[in-house]
Structure formats: structure tokens, C-alpha cells
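A.B. asks: Below are the sequence and a predicted model for it; my questions follow.
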Amino acid sequence: MQKKVVTLLFIAIMTINNVPAQEGTVIPLAEPERTGGMPLFEALDKRQTIRTYKPVELSPQDLSNLLWAAFGINREDGRRTAPSARNWQHFDIYLITAGGWYLYEPQDHALIKLGNEDLREHAGGQDFVQTAPLNLIFVSDQDRITGINPERKDFYSLVDAGFISQNVYLFCTSEGLATVVRAAIDKENLHKVLKLKPSQQVVLAQTVGYPGE
Ligand SMILES: Cc1cc2nc3c(=O)[nH]c(=O)nc-3n(C[C@H](O)[C@H](O)[C@H](O)COP(=O)(O)O)c2cc1C
């Protein structure tokens, strides 16, 4: 608890002085709200892809709720908001923003800062990707998929990513945010710029932000 307070203080000082957090800094997210939102049937009725975004950062609460809804921990035993084949939990969510790039750490519900560069030009070729505030990159670690024929690993990566993406869609619909899942990405290049391990595979990207005009 004391560590969390010290980290929050450190981040507050950094923000006041406009100094970006250093690589490896753990940035605690706001407590996710976990209740409320739009009724499920209304969200299903309204779910859609939106490709126009305001160049405005997500509020800390929206960002926290989004990541928790996407693939946060929702039970004491560490299981998640999206199903995971054989509970391998082989997906990590990377975040690409104007102010740097991050890894979502679900155990502490925190971000780990990985770099200060704006990597949006690598997040996809569609125009809106360059101006939207947030691109999520869903990355599967094939080393965590164990006990099956290696040819089947791709299948589980594709399927499990779909559940996370749909969680993001329903959350965004509920909160009036815009989102689009994207397979048209240069996966090899993203693998390189995100400095991923050989066992990690970029599967999908998903842009999120406040809807534009
Ligand atoms: C696996 C998958 C990949 C997609 N890739 C892209 C993409 O690269 N770029 C894009 O603009 N939309 C992409 N989309 C969004 C679809 O174009 C969109 O879902 C479709 O037009 C139906 O619209 P709706 O989501 O509003 O129902 C993708 C959707 C899925 C499911």
C-alpha cells in the first residue's frame, strides 16, 4: 500500500513537471468501476465500428475501466473478463499512445511504461490510427500455450483475441467511446518496434478514443 502511495506521488510530481515517466516505471491505474454501464441488450443493439476520433486522451477512469473490461482479473483465482482456452491466459495488451507505449499488467491493474516514443505510425496504415489517442495491440505468447500440437496454437490465438476485442467493443458502446478492431497491421514491424520475444505473436490491433464529428 505504502509502495502504491509513493509511486502515485512520484507520478504526480513527474506529471506536474511535465517529465515523462521512465522506461520500466509501474503506473497504477485507477480502481476499475466494475458495475453499472449500459444494459447488455442496449449495448448489443448499439455496438458498431467507428473510425473517427477526437485527438483527446482517454480519462484515467475510462482507461482503467477499458483495460479491466478488455482482459482484467474478475475473480479471486485470477481468471479474467474474457475466456481463455484452458486458462492459458497467453494474451498481453500493449498500448500505443502519443506519449509513449506501455504494457497492461493485470495482476496489479497497472501499466508498465516501455518507452516514451510515439509509435502510432507503426500501429497501422489507416489515417485515424495516427491521431486517435490509443491503439491496443493484442499479443499472444505462444510459450504459454502448452500441451497441444504446435499447429493448433494459431487457432487458439485467433479465437482468444476475438473475445478480448468484443469486450472492448461492448465497453466502448456502453461508455460512448469509439473503437475499431484491426487486422490490417504490419505484424512483423510491430513485433520489432515493440521489442517482442520470438515466442510472442501480434494478433490484432484495436483503436479506442472519443468519437469525432
Ligand atoms: C477480424 C477483424 C478484422 C478487422 N480489420 C479491420 C481493419 O483492419 N481495418 C478496419 O477499418 N476495420 C477492420 N475491421 C472492422 C470491420 O470492417 C467491421 O467490423 C465491419 O465493417 C462491420 O462493421 P461493424 O463492426 O460496425 O458491425 C475488422 C473486423 C474484424 C472482425
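C.D. replies: Thanks, I have the structure now.

A.B. asks: and the chain, which of its residues are near the ligand?
C.D. replies: Gln48, Thr49, Arg51, Gln126, Val180, Val181, Arg182, Ala183, Ala184 (C-beta under 6 Å from any ligand atom). For the C-beta atoms, the positions are set from N, CA and C on the backbone; glycine is no exception.

A.B. asks: Isn't the last one up against Val129?
C.D. replies: Read that as Ala184. No: at 9.9 Å, Ala184 and Val129 do not qualify as touching, with contact defined as C-beta atoms under 8 Å.

A.B. asks: Which one of these two is surrounded by more residues?
C.D. replies: Taking other C-beta atoms under 10 Å, Ala184 and Val129 do not tie; Val129 has more neighbours (22 against 9).

A.B. asks: any idea which helix or strand carries the more buried one?
C.D. replies: Using DSSP states H and E, Val129 sits within helix 127-131.

A.B. asks: List the buried residues in the helix or strand where Ala43 lies.
C.D. replies: Taking DSSP H and E as the criterion, Ala43 maps to helix 40-46. Within helix 40-46, the residues that count as buried by 16 or more other C-beta atoms under 10 Å are Ala43.

A.B. asks: residues in contact with that helix?
C.D. replies: Gly37, Met38, Leu170, Thr173, Ser174 (C-beta atoms under 8 Å, 6 or more residues apart in numbering).

A.B. asks: where does that helix sit relative to the chain's centre, distance-wise?
C.D. replies: Distance of helix 40-46 from its chain centroid, counting by C-alpha atoms, centre = their mean, to the nearest Å, is 22 Å.

A.B. asks: Heading C-terminal from that helix, find the next helix or strand.
C.D. replies: Taking DSSP H and E, what comes next after helix 40-46 is helix 60-71.

A.B. asks: Packing partners of that next one?
C.D. replies: In terms of contacts (3 or more C-beta pairs under 8 Å, 6 or more residues apart in numbering; DSSP states H and E), helix 60-71 is packed against strand 91-97, strand 100-105, helix 153-175.

A.B. asks: that older thread, for my notes, please list the residues of the chain next to the ligand in a markdown table and give pLDDT for each entry.
C.D. replies: Rendered in a markdown table, the data for those read as follows (pLDDT from 0 to 100):
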| residue | pLDDT |
| --- | --- |
| Gln48 | 98 |
| Thr49 | 98 |
| Arg51 | 98 |
| Gln126 | 98 |
| Val180 | 98 |
| Val181 | 98 |
| Arg182 | 98 |
| Ala183 | 98 |
| Ala184 | 97 |
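
A.B. asks: Much appreciated, bye for now.
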